[in-house]
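# Sequence and computational prediction follow.
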Amino acid sequence: MPWILLFVAGVMEIVWAFAMKQSEGFTRPGPSVVTLAAMAASVALLALAMRSLPLGAAYTIWTGIGAVGAFAVGVVVLGEAASPARLAAAGLIVAGLILMRLSGAGH
């Protein structure tokens, strides 16, 4: 269960990052509210997951999901550049997340 909570917390990271971009510097109320709500949900779910997961693994995976997910949303939804170097960087983050999970963290 803590890994599911952590995954959903990471997804909420992606949601708030996208909503923040859409809020245009918190000048648009709808996306601004979504940003703040998703931030609160993300941190709350992270806190619940960290009851039983190690700090290093939980925080690394949470930020990694958010970073790679926000990158993917930027490319797919917002048309941001997907250069080979940026794709390689995202791939390295994903590899690190997989290695962190397989390292036995949280077992």
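Yes, it's here.
# in this protein, what spans have low per-residue confidence?
105-107 (pLDDT under 70).
# which residue ranges form the strands in it?
With strands called from DSSP state E, the chain shows none.
# what's the closest non-adjacent residue to the spatially most central residue of the chain?
Nearest to the mean C-alpha position of the chain, by CA atoms, centre = their mean, lies residue 66 at 1.5 Å. The shortest distance from residue 66 to any non-neighbouring residue, by CB to CB, 6 or more residues apart in numbering, is to residue 13 (2.8 Å). C-betas here are computed from N, CA, C, even on glycine.
# I figured that neighbour hits residue 68, correct?
No - under the criterion of CB atoms under 8 Å, residue 13 is not in contact with residue 68, lying 10.0 Å apart.
# Of these two, which one has the most company?
Set side by side, residue 13 and residue 68 give different neighbour counts by other CB atoms under 10 Å, the larger being at residue 13 (25 against 20).
# if I pick the more buried one, what's in contact with it?
38, 42, 62-63, 65-66, 69-70 (CB atoms under 8 Å, 6 or more residues apart in numbering).
# What distance do you get for residue 13 to residue 104?
24 Å (CB to CB, to the nearest Å).
# What subset of the contacts of residue 13 is buried?
Restricting these to buried positions leaves 38, 42, 62, 65-66, 69-70, with burial counted as 16 or more other CB atoms under 10 Å.
# how about CSV for those residues, with distance to residue 5 added?
Rendered in CSV, the data for the buried ones among the contacts of residue 13 read as follows (distance: CB to CB, whole Å):
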residue, distance to residue 5
38, 15
42, 11
62, 10
65, 12
66, 14
69, 16
70, 20
